[in-house]
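how would this look folded up:
(one chain, ligands or ions: 2)
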Amino acid sequence: MTRETGPLTIAIDGPSGSGKSSVSKAVAAELGVGYLDTGAMYRALTWWCLDQGVDLTDEGAVVAAAEVLPLELSTDPQDQRVVVGGTDVTAEIRTTAISSEVSKVATNTGVRPILQQAQRDRMAAIARETGGVVAEGRDITTVVAPDALVRLLLTASEEARLRRRSAEVHGSADEEAIAATRDQVLRRDRDDSAVSQFTVAADGVVTVDTSDLDFDESVEAVLAVVASLAGHARD
Ligand SMILES: Nc1ncnc2c1ncn2[C@@H]1O[C@H](COP(=O)(O)OP(=O)(O)O)[C@@H](O)[C@H]1O
Ligand SMILES: Nc1ccn([C@H]2C[C@H](O)[C@@H](COP(=O)(O)OP(=O)(O)O)O2)c(=O)n1
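Ligands and ions are numbered 1, 2, ... in the order given. Okay, the predicted model is just below:
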């Protein structure tokens, strides 16, 4: 798609389970633009460090790994593939083993500027190629792309986020499954909050609360904000 006023750049942040990845992918597909999952980059680096035997608490070693991370990330929202050093890790980076360790990498203050710059470069390349980009994470609206045309904070109640993640990871949202999900949702958000602000919208960032919306309604709500801010009329 093309716009006379420049590329349609959309930045979306939010806590775990708010619907960032799934909603962003659907929004990008609907608008016909590329997609960047910045969380996948932190997850891929975590996987690679573990694979290479790098101690995640050795900050300098993890920074050195970030500098040479051999990452291939697809940009098609309907075909997401993450390849590190020739190994397809698309599924593996979503496992509890990675989810429980990724904050150690994401809170490494030497790693963040390296991945943030890589994310800016990727956003620019995707926008050039497809006329726009939907990029999602924790600091896209504030640090990576504060000048994006549309900036959104996707939120949902703690209860809704736990229920969704639990259903996704354990196939159930009963008490036991929710208890097993707490660490990778609440503890991780608490840790990640030390380096990014993603619970309160920064100035100029629009909040969409999805607690009482189903998936399709969440996608519609985001598309409505895009239409009002970017003047983009859907086909
Ligand atoms: N509004 C919604 N209502 C119900 N389920 C949702 C909604 N948004 C997302 N989901 C589901 O919740 C789970 C977590 O969503 P995801 O997009 O991975 O969140 P995040 O990227 O913010 O961690 C997925 O299984 C997704 O399909
Ligand atoms: N822009 C970003 C994106 C993710 N992160 C961190 C925070 C998370 O713990 C990990 C993984 O992010 P991801 O978006 O995949 O996590 P969720 O799907 O929301 O559970 O990376 C970050 O610090 N900054």
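
which residues are in contact with residue 186?
If you count contacts by C-beta atoms under 8 Å, 6 or more residues apart in numbering, residue 186 has them with 158, 162. In short, each C-beta sits where N, CA and C put it, glycine included.

state the distance from it to residue 123.
29 Å (C-beta to C-beta, to the nearest Å).

and for residue 215?
Between residue 215 and residue 123 the distance is 25 Å, computed by C-beta to C-beta.

which of those two has more neighbours?
residue 123 (25 against 13; other C-beta atoms under 10 Å).

element containing the more buried one?
helix 111-130 (DSSP states H and E).

quick one: contacts of whichever helix or strand comes after that helix?
Later in the chain than helix 111-130, the nearest helix or strand by DSSP H and E is strand 132-137. The contact list for strand 132-137 (C-beta under 8 Å, 6+ apart) reads 1, 3, 7-14, 20-21, 24-25, 27-28, 31-39, 77, 119, 123, 126-127, 144-145, 148.

among those residues, which are in helices?
Among these, DSSP state H puts 20-21, 24-25, 27-28, 31, 38-39, 119, 123, 126-127 in helices.

any weak-confidence spans in this structure?
Low-confidence segments of the chain, defined by pLDDT under 70, are located at 1-5, 232-235.

tell me where it has strands.
Listed from the start of the chain, the chain has strands (DSSP state E) covering 8-13, 34-37, 71-73, 82-84, 87-88, 132-137, 150-155, 206-209.

in JSON lines: the ones you listed, plus distance to ligand 1.
Converted to JSON lines, the strands of the chain look like this (distance: least, C-beta to the nearest ligand atom, whole Å):
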{"stretch": "strand 8-13", "distance to ligand 1": "9"}
{"stretch": "strand 34-37", "distance to ligand 1": "8"}
{"stretch": "strand 71-73", "distance to ligand 1": "15"}
{"stretch": "strand 82-84", "distance to ligand 1": "14"}
{"stretch": "strand 87-88", "distance to ligand 1": "19"}
{"stretch": "strand 132-137", "distance to ligand 1": "7"}
{"stretch": "strand 150-155", "distance to ligand 1": "7"}
{"stretch": "strand 206-209", "distance to ligand 1": "10"}
